[in-house]
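Colleague: Structure for this input, please:
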Amino acid sequence: MFDTPRGRATLADLFGGKSAALIVYHFMFGPDWQEGCPHCSFWADNFDGIIVHLEQRDVSIALPSPAHHSEKLEAFKKRMGWSFKWVSSLPERFQP
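Modeller: Residues are numbered from 1 along each chain as shown. Alright, predicted model coming up:
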């Protein structure tokens, strides 16, 4: 399970209706970190530009990180000006 801005999502949900493939890039951003990994940020700076090309090939991309989605990921994503699909893989969020 993943935490997204729209709630919980399964791995299959991350395909977003695309059937060819799902590219998954693990973005290092720990739950106690204040910012994302500089190296991951470098690569992520290029992801928005390729999304249109991936979609034309029926491919989706998602970036999971083990940080709290709303508190950390969305704030950093906004600060960096990114729009790609970034989800939380923090396991404790899904335990009863």
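Colleague: Now the helix or strand encompassing Lys78: buried residues?
Modeller: Element membership for Lys78, per DSSP states H and E: helix 74-80. Neighbour-count burial for helix 74-80 flags 76-77 (criterion: 16 or more other Cβ atoms under 10 Å). All C-beta spots, glycine's among them, are computed from the backbone N, C-alpha and C.
Colleague: What helices and strands are in contact with the longest helix seen in the chain?
Modeller: Taking DSSP state H as the criterion, the chain has its longest helix at helix 47-56. Packing partners of helix 47-56 (3 or more Cβ pairs under 8 Å, 6 or more residues apart in numbering; DSSP states H and E): strand 59-65.
Colleague: what does the average pLDDT come to for the strand it packs on?
Modeller: For strand 59-65, the mean pLDDT works out to 94.
Colleague: Need the contact partners of it.
Modeller: Under the criterion Cβ atoms under 8 Å, 6 or more residues apart in numbering, residues 2, 14-18, 20-29, 36, 44, 47, 50-51, 54, 73, 84-89 lie in contact with strand 59-65.
Colleague: And stretch 82-89, by the same measure?
Modeller: The contact list for stretch 82-89, computed with Cβ under 8 Å, 6+ apart, reads 2-4, 9, 14, 16, 27, 44-45, 47-48, 51, 60-69, 73-74, 77.
Colleague: CA atoms of the helix holding Lys78 as CSV?
Modeller: In CSV, the C-alpha atoms belonging to helix 74-80 read as follows (Å, rounded to 0.1, in the frame of the first residue of the first chain):
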residue,chain,number,x,y,z
GLU,A,74,4.0,17.5,-0.9
ALA,A,75,5.9,20.4,0.8
PHE,A,76,9.2,19.5,-0.8
LYS,A,77,7.5,18.7,-4.2
LYS,A,78,5.9,22.2,-4.2
ARG,A,79,9.2,23.8,-3.2
MET,A,80,11.0,22.1,-6.1
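Colleague: Appreciated, that's everything.
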